Structure formats: C-alpha cells, structure tokens
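Peer 1: Quick one, what's the 3D model for this:
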Amino acid sequence: MKGIIFTEFLELVENHFGLEVLDQVLEMSKDEGIYTSVGSYDHKDLVTLIVNLSKTSDIPAAHLQEVFGESVFKKLLATMPPAAALAHSTNSFEFIRHVEDYIHVEVKKLYPDAVPPSFEFISETETELILNYKSARCMSHVCLGLIKGCANHFGQQLNIQMKPLNDSGSEVRFNITLLD
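Peer 2: So this is what the prediction gives:
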C-alpha cells in the first residue's frame with residue numbers, strides 16, 4: 001500500500017483526535033509512525049492502526065475507514081496530473097469509472113508491485129451504477145468513504161448500498177443511486 005495513505009491517515013488522526021491519541025495509537029500498534037508518501041508498506045499496518053484507533057476512540061473501525069476515505073479523496077485527487085482524463089470528469093459515475101480505467105492502470109505502471117483494488121462494473125444508467133469492489137485488503141469501507149468524497153466533490157447526493165459478496169469482505173457490491 002502506498003505511503004500517502006499512511007501519511008494521510010496519521011494526519012487525520014492528529015487533526016481530529018489530537019497528538020496524544022495519535023501517540024497512544026502508535027504505541028498500541030508498536031508503530032513508529034515513520035512513513036513517506038511514495039514508500040510502499042504492508043496494508044496490515046494500516047489495519048492495525050485503524051483497529052487501535054477504534055479501541056481508543058470507541059468508534060467502530062468500519063466508520064473510521066469510511067471517514068478516512070472521505071477525507072483522503074481530495075488529497076488523492078490533487079495528486080493526479082491535470083491532463084488526466086479524471087480531471088475532466090463531470091460527475092461521480094464518470095469519475096468512478098475512470099478510477100478503474102486510468103488510476104489503477106497508472107498505479108500499476110508506476111509501481112509494478114502494486115495491487116490496487118479493482119472494480120467490476122455490473123450495470124450503469126444515468127442514475128444508477130452497480131459495481132463489485134475486489135481487494136484482498138478488505139477495506140471496502142475506505143472505498144465507501146472515497147465514493148462519498150467523490151460525490152461531495154461533484155456536489156451530488158448519492159444513495160450508496162453495500163453488500164458483501166463473500167465472508168472475508170474482499171468482494172463487495174456497491175449499488176449507487178443518484179438522488180439529484
């Protein structure tokens with residue numbers, strides 16, 4: 001997992017919970033908290049940080065993942081080159097489709113060892129998008145937050161339903177309906 005995810009998570013914890021809580025979470029996780037945005041790290045370390053923040057804050061880990069995904073959307077968007085097709089998307093559905101067709105392809109080119117999540121598009125109309133999220137990292141709630149961040153970026157209201165497709169959570173169906 002790319003380091004930008006870790007650096008953004010640590011910043012979110014510090015900004016929303018304070019340095020004392022961040023230090024406590026790092027200590028509980030046996031993590032020094034030293035990450036670079038371009039480094040690659042084991043996703044299990046992020047899961048450990050989220051679980052320990054959940055224990056410290058009494059906020060469910062799934063909700064913390066969602067909040068994180070929503071907050072990190074703008075930062076990830078800002079890292080994209082201006083000429084990218086994504087920068088010219090006009091709505092959430094178009095952007096989400098470009099994530100699979102552009103971002104994940106570019107990530108694999110830049111980092112051959114990267115294994116980004118994948119989206120399998122099931123159906124799409126002007127008002128509904130159904131896709132399957134697949135990731136061995138089982139972080140579908142981060143994906144949910146990213147979709148919410150995307151909707152906020154485009155000023156759209158979406159109804160988002162999630163349905164696990166297996167027991168591990170590595171595959172989740174998203175039914176996304178435009179409410180505007």
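
Peer 1: Please export the C-alpha coordinates of the top helix by length along the chain as PDB.
Peer 2: Secondary structure of the chain per DSSP state H: the longest helix is helix 61-78. Output in PDB follows, covering the C-alpha atoms of helix 61-78 (Å, rounded to 0.1, in the frame of the first residue of the first chain):
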ATOM      1  CA  ALA A  61     -13.400   0.600  12.700                       C
ATOM      2  CA  ALA A  62     -15.700   0.500   9.700                       C
ATOM      3  CA  HIS A  63     -16.900   4.100  10.400                       C
ATOM      4  CA  LEU A  64     -13.300   5.200  10.900                       C
ATOM      5  CA  GLN A  65     -12.400   3.700   7.500                       C
ATOM      6  CA  GLU A  66     -15.300   5.500   5.900                       C
ATOM      7  CA  VAL A  67     -14.400   8.900   7.400                       C
ATOM      8  CA  PHE A  68     -10.800   8.400   6.300                       C
ATOM      9  CA  GLY A  69     -11.800   7.500   2.700                       C
ATOM     10  CA  GLU A  70     -14.000  10.600   2.500                       C
ATOM     11  CA  SER A  71     -11.300  12.900   3.900                       C
ATOM     12  CA  VAL A  72      -8.500  11.500   1.800                       C
ATOM     13  CA  PHE A  73     -10.400  11.800  -1.500                       C
ATOM     14  CA  LYS A  74      -9.400  15.500  -2.100                       C
ATOM     15  CA  LYS A  75      -5.700  14.700  -1.300                       C
ATOM     16  CA  LEU A  76      -5.600  11.800  -3.800                       C
ATOM     17  CA  LEU A  77      -7.400  13.900  -6.400                       C
ATOM     18  CA  ALA A  78      -4.800  16.700  -6.000                       C
END
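
Peer 1: Show me what counts as buried in that helix.
Peer 2: In terms of neighbour count (16 or more other C-beta atoms under 10 Å), helix 61-78 has its buried residues at 61-62, 64-73, 75-77. All C-beta spots, glycine's among them, are computed from the backbone N, C-alpha and C.

Peer 1: Please parse this protein into its domains.
Peer 2: Per the record, the chain has its domains at 3-59, 79-178, by automatic domain parsing.

Peer 1: By mean pLDDT, show me the worst of those.
Peer 2: Here the domains of the chain differ in mean pLDDT, and the lowest is domain 79-178 at a mean of 88.
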